[in-house]
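[1] dropping a prediction and its sequence here:
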Amino acid sequence: MQDTKLFETILGIQPPWRISRVALDTTGERVDLWAEHEDTRWPCPECQQELPCRDHVDERMWRHLDTCQYQTFLHARVPRVDCPTHGVRQVRVPWAEARSRFTMLMERLIIDLIQQCSTVTGACRIARITWDEAWGVMSRAVARGRARKVAEPIPYIGVDEKAFRKGHRYHTIVCDLERSTVEFVAEERKTDSLAAYYQALTDGQRDGLKAVAMDMWEPYIIATQDGLPDGADRIVFDRFHIMREMTKAVDTVRKQEHRSFLRAGDESPLTGTKYLWLFSDERRPDHHAESFATLQALNLKVGRAWAIKEALRTLWTFRQGAAVRRFFSQWYGWAVRSRLDPVKKVAGMLKRHLDGVLRFVKHPITNGVAEGLNSKIMSIKRKAGGFRNAHNFTTAIYFHCGGLDLYPR
């Protein structure tokens, strides 16, 4: 088989295109291929109307998969047609997408390398491409994947924020709780950030959205109430966020009580006990059981706060609305009578948002999937050493967590 026929087979080139010449540069460790075409009519890239060749653009070059260890480049002068509807257009070539400097096979390899390396720099070293070229491939892949995505109803979504950089710079992230994919990313964590997602939904998607898991961030609440039909009835406040707030309240009580011992000039029994109070009862290591039992016997304020926190966890075990409301009423009375201000503050917060808290009975969803995706996003950000701008951060999230069809075809 001649070398031209070999590369035609490798590249999948068919008439009217053919490989006319192959040049091997052993010193520069590269292979150059030149593609030419026969006289024929060409389809307009917009409307597919077949038209005669008008002229050619200047010779272009595409990077292809390496031939052995040699970098391989394909050269061609691409025809243009004069469409009566769309004007002068450059025809599409079968080996690459529009405005790409890589063949489709090379782009697929780069996409795989970025996904496996989790960093653009690592993929660049292996593929011997520049950082900007790799980001161009990522950006095109994300745009391609999002354009292909079918607008199907998503029953349950989770809304959370992720810090882009220090200084309270956040991104709003919406994820599909069933597929564990990121569906939408917006800069900031404002009402408009989440509202943009709801505005982009079709009527069928809005009607098919059963519930939204979120924390008690007011801008997200307002966006959901305004952006969905009966939006207030679709909010489920995340149990992990609620328990995190209760755990913070327990820790605040511990700090206050520890300081009161020190101010009184007494030796504090709470010295070095921070993490004992942060464990739930069943997750506490066995070697801490005895010391924790000793602390509980001292009838400390933090002991009461911890007991109230542990009792709250029972809230998410109920499956009947009347029963869970009775339980909350009893728990709330205990919390407000505790004379522990941090605990009373959290109890008041739950009381104000009670319908969304108890809606877990009807829609037992949490933001656990969103937190898992946040951990993955954090890992990507850490491996990348941060991002130059918010747009690149958004692109990386969609690329690695969007569940998109990224490959050219």
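    Nice, I can see it.
[2] tell me, how many residues neighbour the residue nearest to Arg30 when sequence neighbours are not counted?
    Among residues not flanking Arg30 along the chain, Gln71 sits closest, at 4.7 Å (Cβ to Cβ, 6 or more residues apart in numbering). Yep, even glycine has a C-beta here, placed from its N, CA and C like the rest. Neighbourhood size, Gln71 [other Cβ atoms under 10 Å]: 18.
[3] looks like Gln71 contacts Ile129 (just checking).
    No - applying Cβ atoms under 8 Å, one finds Gln71 not in contact with Ile129, separated by 9.8 Å.
[4] give me the common contacts of the two.
    The contact sets of Gln71 and Ile129 overlap at Arg63 (Cβ atoms under 8 Å, 6 or more residues apart in numbering).
[5] list the buried ones in the top helix by length along the chain?
    Taking DSSP state H as the criterion, the chain has its longest helix at helix 239-263. Judged by neighbour count using 16 or more other Cβ atoms under 10 Å, the buried positions of helix 239-263 are 239, 241-243, 245-247, 249-254, 257-258.
[6] before we move on, what about stretch 373-388?
    Buried residues in stretch 373-388 (16+ other Cβ under 10 Å): 373-374, 377, 380-381, 384, 387.
[7] could the residues you listed go into JSON lines alongside secondary structure?
    Formatted as JSON lines, those follow (DSSP: H, G, I helix; E, B strand; the rest coil):
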{"residue": "Leu373", "secondary structure": "helix"}
{"residue": "Asn374", "secondary structure": "helix"}
{"residue": "Ile377", "secondary structure": "helix"}
{"residue": "Ile380", "secondary structure": "helix"}
{"residue": "Lys381", "secondary structure": "helix"}
{"residue": "Ala384", "secondary structure": "helix"}
{"residue": "Phe387", "secondary structure": "coil"}
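[8] distance to Leu33 and pLDDT for those residues - can I get that in a markdown table?
    Formatted as a markdown table, those follow (distance: Cβ to Cβ, whole Å; pLDDT from 0 to 100):
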| residue | distance to Leu33 | pLDDT |
| --- | --- | --- |
| Leu373 | 42 | 88 |
| Asn374 | 46 | 84 |
| Ile377 | 40 | 85 |
| Ile380 | 36 | 81 |
| Lys381 | 39 | 79 |
| Ala384 | 34 | 70 |
| Phe387 | 36 | 72 |
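[9] and stretch 114-133, how far apart are its ends?
    By Cα to Cα, to the nearest Å, the extent of stretch 114-133 from end to end equals 12 Å.
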